[in-house]
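S.K.: Any chance you can model this:
(2 chains)
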Amino acid sequence: MQPYIKHTSIAALMDRSNVDTDQIIPKNFMKKVERTGFGINLFHNWRYLADNITPNPEFELNKPAFQGAKILVAGENFGCGSSREHAPWAIADYGFNTVISTSFADIFYSNCFKNSILPIIVTDEQLAALMAEISANEGVEFTVDLEAQKVTTPGGLSISFEVDAFRKESLLDGLDDIAWTLKHEEQISAYENAQKKRLPWLWPSA
Amino acid sequence: MTRTMYEKIWDANLVHEPEAGSPLLFVDRHLMHEVTSPQAFEGLRLQNRKVRNVHSILGTIDHCVPTKDRFNIVDVIAKKQVETMTANCEENDINLYGMDSKQNGVIHIVVPEHGFVHPGMVVCCGDSHTATHGAFGALAFGIGTSEVEHVMATQTLQQKKAKTMLVKVEGKLPAFSTAKDIALAIIAKTGTAGGTGYVMEFAGNTITDLTMEGRMTLCNMAIEAGARAGLVAPDQVTFDYLEGKEFAPKGEDWPVAVEYWKSLVSDQGAEFDAVIELKAEDIAPQVSWGTSPEQVISVTGVVPSPSDFTNEVKSQACANALKYMALDAGQKITDIHIDVVFIGSCTNGRIEDFRAAAELLKGKKVAAGVQAFAVPGSFPVKVQAEKEGLDKIFLDAGWEWRDPGCSMCLAMNGDELEDGQRSASTSNRNFEGRQGKGGRTHLVSPAMAAAASVAGHFVDIRDWK
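M.R.: Here you go, the predicted model:
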């Protein structure tokens, strides 16, 4: 996994709540056996007109000012619904590495960390202030510093955010979390051996 | 110290809690389907890692399967997903109820049919509706594909402990109200984010009166309330359902297992982080009117207006939904006309669901211009329904009687709404475009869907003839 490094990037505004993973990547585009190439279909049904090719000029992310954005600022309960990791794959493939909202659905939130995406939870007031700054100056660049757990803006906002220490470390270092878990092989084997005695019917008979 | 059922399952499955890092939770059962697993197998191959406990996995093919002419998968990429799943399971010696198995069907229908999930287990699957298996008192939740790979390689998940919420429903359900209506009523109360960060335990005499099928329908939709998982305490109903099934404990193991399962229920006086209560008497048949499962109202109600919501976000969501759904505020729910009716899915694709629908369809005909199709959740459900003659009732009423699959719940297999079409659907999500781009979905119970197919619009089945 790619390490997450401090960056200053365009922040795109998506003033919608309950953006579900069916919107992030509609099911017609999940039929792939690879992890890549989903970006072109990110928000497909909102992003393109009926011909499925022409960008919908009404859709916020199609605004010229938001092109090249790495930060997505969106309304509450982002990523609800289906567990599809295709959603964060599409977000990362499109070019975002940070999503800021007041809340995220659980599965989406943990999927982000597996894909070098930082989901940042802020308060209602902080979100309103970030959104207002983008609205007033589309194309504005925010700075995200995971090390310091801080988002700063040219308008003078400085927002501290919480993130689990282990997830933070994993993102910063680009850790392979399977490798991390396998360092605990001894404990896993011990658990399995104990379970074979405790609940023997769960294991194939030798 | 008293503990909730969630805390007991957590404690029993905790492998290790390092000082720095993440707790590791042992995974007892891993369920698999063709859409969210191929990249995980590829990940294992690239790292030269092996599947740790093959016996913990059960797979099926369900999302991409056509429900008519099922072996003729026209979509080339869908076909590749099916072939990849089959090959991956063969290569790793994984138990797969594949395309040509008589046991094939929707993963969350198939797994309980074989008694593969027991109380107290930690169960996961690359599918949010894994919550279904909470009906057995198992901690069951959806994961992403990276975690699917993690479970295959390590048999564990890096997990943070969730908060607990008790959802208590007491009293006798009104006639024709079902577990689906309870689920929708709960989500209407909590909102789709109300359960975020929580594991919900459903309790109260209304819940214990439910059959296993009903409990599965209820837990299935815990995810639509945002909950990590839903749980129902195991009891005699659970044990009777499991006894004798293929993967259930046998012989002298059985009484030992039952004793263990009984010990898992929440202790008297155990504390929950949140409690909500509903009265069963208040739960009339429900219909969703919007584009989120929280946008739900009783069949006797009217479509709300944005001004009915004091919360600005919900008010805006209502306005957006009315526009997408082409509905007017104040319109009676029973005046909403539908084009397509779908009965099936991991929410309502079990035998009980087809019985309830058939009861209303007997001697009736589908309204002119309405297309209606029934998709049993699995081949065993289909066979059982046919044994009972339910297929005849559906066919005589002008319904199509299809083969199993996820079908129009998420419309990946070619069964989908056309732009602007409106459905009465027994599935779980009414998101924009979920059943086809521009399609408009109303979530209901099987009986409500059946009646709507005959009337051509929603009806209050309690006084419908």
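S.K.: Without its sequence neighbours, what residue ends up closest to the one residue sitting closest to the centre of chain A?
M.R.: By C-alpha atoms, centre = their mean, chain A has its centre lying nearest to A:Cys112, at 3.9 Å. Distances taken as C-beta to C-beta, 6 or more residues apart in numbering or on different chains place A:Pro119 nearest to A:Cys112, at 4.6 Å, with adjacent residues excluded. C-beta here means a position set from N, CA and C on the backbone, and glycine is covered the same way.
S.K.: if we can go back for a sec, counting by contacts, list what the helix or strand hosting the residue nearest to the centre of chain A packs against.
M.R.: Using DSSP states H and E, A:Cys112 sits in helix A:106-113. The contact analysis (3 or more C-beta pairs under 8 Å, 6 or more residues apart in numbering or on different chains; DSSP states H and E) places helix A:106-113 against helix A:86-94, strand A:118-121, helix A:165-173, helix B:145-154.
S.K.: And for that helix, what's in contact with it?
M.R.: The contact list for helix A:106-113 (C-beta atoms under 8 Å, 6 or more residues apart in numbering or on different chains) reads A:21, A:78-80, A:83, A:85, A:87-88, A:91, A:99, A:104, A:118-119, A:167, A:170-171, B:128, B:141-144, B:146-147, B:196-197, B:226, B:228.
S.K.: how many neighbours does B:Ser146 have?
M.R.: Applying other C-beta atoms under 10 Å in any protein chain shown, we find 24 residues neighbouring B:Ser146.
S.K.: Wait, A:Pro88 touches A:Asn115, no?
M.R.: Yes: here A:Pro88 reaches A:Asn115: they are 4.5 Å apart, a contact under C-beta atoms under 8 Å.
S.K.: between the two, who's got more neighbours?
M.R.: Between A:Pro88 and A:Asn115, counted using other C-beta under 10 Å, A:Pro88 has the larger neighbour count: 31 against 21.
S.K.: Looking at the helices and strands packed on helix A:106-113, spot the one closest to B:Ile461.
M.R.: Of all those, helix A:86-94 sits nearest to B:Ile461, with 36.8 Å by C-beta to C-beta.
S.K.: returning to what we had before: hey, what's the angle from the helix holding A:Cys112 to helix B:145-154? Just curious.
M.R.: Using axes from the mean of the first three to the mean of the last three C-alpha atoms, to 10 degrees, one finds that helix A:106-113 and helix B:145-154 are set 80 degrees apart in direction.
S.K.: Give the rounded mean pLDDT of helix A:106-113.
M.R.: In this model, helix A:106-113 has a mean pLDDT of 96.
S.K.: Then stretch B:59-68?
M.R.: Mean predicted lDDT for stretch B:59-68 stands at 96.
S.K.: buried set for it?
M.R.: Residues of stretch B:59-68 classed as buried by neighbour count (16 or more other C-beta atoms under 10 Å in any protein chain shown): B:Gly59, B:Thr60, B:Ile61, B:Asp62, B:His63, B:Cys64, B:Val65, B:Pro66, B:Thr67.
S.K.: ok, the last one touching B:Ser407?
M.R.: Yes: look at B:Thr67 against B:Ser407 with C-beta under 8 Å: they come within range, at 5.1 Å.
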